[in-house]
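In: Next comes the sequence, and after it the predicted model I'd like to discuss.
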Amino acid sequence: MEYIKRSIEDVIRKSAKSFKVVLVTGARQTGKSTLVKHLYPDLKEVTFDDPFAEEQARENPEMFMSLNTPPVFLDEIQYVPSLFRYIKQDCDKHKEKGLYYISGSQPFKLMELASDSLAGRVAVIEITPMSLREITGSTFTEPFLPTMEYIKERNKDAKKPEDIWKLIHRGGYPEMQDPEVDWTMYYSSYVKTYLERDVRSLASVQDLDAFRRFMVSCAARTGQMLNYSAIADEVEKDANTIKKWISVLEASGIIYILEPFSHSALKRVIKTPKMYFRDTGLASYLTRWLSPETLANGAMSGAFFETFVISEILKSYSNRGMDYRYFVSYYRGKDKKKTNKNGELVAEEAEIDFIIEQDGMLYPIEIKQNSKVTADMTSAFQVLDQIQEKKRGTGAVICMCSMPGALRENVLQVPYWYI
């Protein structure tokens, strides 16, 4: 298959000029190795998927390092975490930048190892499944923000895909962009490899059948608040085991945990996080939606559309090398103004699907699968006005509308392909 240009290529090149080590991480099969080899075709490569190379690096690291002098590309380094110490020692002997390019498919574990061993020497770059921008060939690189300035710039090359449900169902893994690749066989192999390599190494899980059922249960709850007890009852495991397994899915880049918005001015916030699968194709496979048509018309279509939209927003930030975890959230609670129902004042529960915080501004976002949306859908946005030290920025409803427009002052309707 022909190489598809990745939005993050320039970020990697800039990082290699500023840091001695470039760590490219992300879930399995997101194209990490292909990307590094495309950018630096002359680099010597050592992959620790090779048992011999792993054994050599683990048993005799000094000799391994002497035989693989920089610049060098070390792939799947999560299998030899002890090597980080030796990379640090070698970096301290040299003044040059771009000495080591390392990659692996256990993002959180590698970030922790890198921050402990290579602080100040390493640039950590997350590679996600392919974004809609990448799939459609867009050259636009600005992170998503629901403002008129953003919409005007995005309007220059925003392109509506022919069949969004086909893209959601197929997913964003690079190999799946080849129409000749069989959907069922690819994801079956993906899950098998993930269970046998990443799951066992991260958590020493022995009951892989139970973990597979757990993955299915989580996929069926994408876009929902995280309920450990409900998953535990379904999988027939205790809640502590489920919490541990959730951390495994998050650490290996399979799911994303969206934290609730919290502020002292809001007294009745629900503090339960929400869980999203990072790739809708994998979630479709696990929940057995076998075609784009059944997914589009099924009971989970709204949850999958929301998962897709939030994933695309996060990709727009990670593809600029930005750690989005500290400035995105969602809100759910009863801080909304009370309304009169049958002569009684009732505090209604309100929800804001997604909030982006930037420069002291809070940008609220509602996500609707509809093609027609109304300003009433954004009534919960006013909750943020209670926070005096922050301002509420432009809000938006991201939906399937045909073009951008204003729903009311300070609230836009935004087609999903404008993300």
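Out: Structure's in. What do you need?
In: Next, the contact list for I356, please.
Out: 144-146, 313, 327-328, 362-363, 365 (Cβ atoms under 8 Å, 6 or more residues apart in numbering). Every C-beta, even on glycine, is put in place using the N, C-alpha and C of the backbone.
In: and those, which of them are in helices?
Out: Secondary structure defined by DSSP state H assigns I313 of those to helices.
In: Selection in ChimeraX covering whichever of the contacts of I356 are buried, please.
Out: Only the buried members of these enter the following ChimeraX selection, criterion being 16 or more other Cβ atoms under 10 Å:
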select :144,145,146,313,328,362,363,365
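In: Out of the contacts of I356, which comes closest to D385?
Out: L362 (9.5 Å; Cβ to Cβ).
In: Now for the chain: which strand has the highest residue count?
Out: Using DSSP state E, we find that the single longest strand of the chain is strand 350-358.
In: Sheet partners, orientation included, of that one?
Out: Strands that pair with strand 350-358, judged by DSSP bridges, come out as strand 328-333 (antiparallel), strand 361-367 (antiparallel).
In: Let me know the average pLDDT across the shortest one.
Out: In other words, strand 328-333. Mean pLDDT, computed over strand 328-333, is 95.
In: Contacts for that strand, please.
Out: So strand 328-333 is contacted by 225, 258-262, 266, 268-270, 274, 313-314, 349-357, 364, 380, 383-384 (Cβ under 8 Å, 6+ apart).
In: for the strands paired with strand 350-358, which one sits closest to W289?
Out: Short answer: strand 361-367, nearest of these by Cβ to Cβ, at 19.1 Å.
In: Just give me how far the closest one sits from the chain centre.
Out: Strand 361-367 sits 18 Å away from the centroid of its parent chain (Cα atoms, centre = their mean, to the nearest Å).
In: Dump it to PDB, keeping only the CA atoms.
Out: What follows is strand 361-367, C-alpha atoms only, in PDB (Å, rounded to 0.1, in the frame of the first residue of the first chain):
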ATOM      1  CA  MET A 361     -11.600  30.400  28.000                       C
ATOM      2  CA  LEU A 362     -13.900  27.500  28.200                       C
ATOM      3  CA  TYR A 363     -15.200  26.300  24.900                       C
ATOM      4  CA  PRO A 364     -18.300  24.000  25.300                       C
ATOM      5  CA  ILE A 365     -19.200  21.400  22.700                       C
ATOM      6  CA  GLU A 366     -22.300  19.400  22.100                       C
ATOM      7  CA  ILE A 367     -22.200  16.400  19.800                       C
END
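In: From the contacts of strand 328-333, list just the buried residues.
Out: In those, the ones that pass as buried (16+ other Cβ under 10 Å) are 258, 260-261, 266, 269, 274, 313-314, 350, 352-356, 364, 380, 383-384.
In: May I ask you to confirm that K166 is in contact with S291?
Out: No. With contact defined as Cβ atoms under 8 Å, K166 does not reach S291; the gap is 9.2 Å.
In: Pull the contacting residues for F84.
Out: By Cβ under 8 Å, 6+ apart, the neighbours of F84 are 77, 113-114, 116-118.
In: A strand includes it, no?
Out: No. With DSSP: H, G, I helix; E, B strand; the rest coil as the criterion, F84 is assigned helix and is not in a strand.
In: so where's the stretch 251-400 of the chain shaky on pLDDT?
Out: 265, 336-341, 343, 345-347 (pLDDT under 70).
In: For it, which segments count as strands?
Out: For the stretch 251-400 of the chain, the strands defined by DSSP state E, counting those that start in this stretch cover 255-258, 274-277, 328-333, 339-341, 344-346, 350-358, 361-367, 391-392, 395-399.
In: how about the ones you listed in JSON lines, adding distance to L43?
Out: Formatted as JSON lines, these follow (distance: least, Cβ to Cβ, whole Å):
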{"stretch": "strand 255-258", "distance to L43": "31"}
{"stretch": "strand 274-277", "distance to L43": "33"}
{"stretch": "strand 328-333", "distance to L43": "34"}
{"stretch": "strand 339-341", "distance to L43": "62"}
{"stretch": "strand 344-346", "distance to L43": "64"}
{"stretch": "strand 350-358", "distance to L43": "36"}
{"stretch": "strand 361-367", "distance to L43": "40"}
{"stretch": "strand 391-392", "distance to L43": "47"}
{"stretch": "strand 395-399", "distance to L43": "40"}
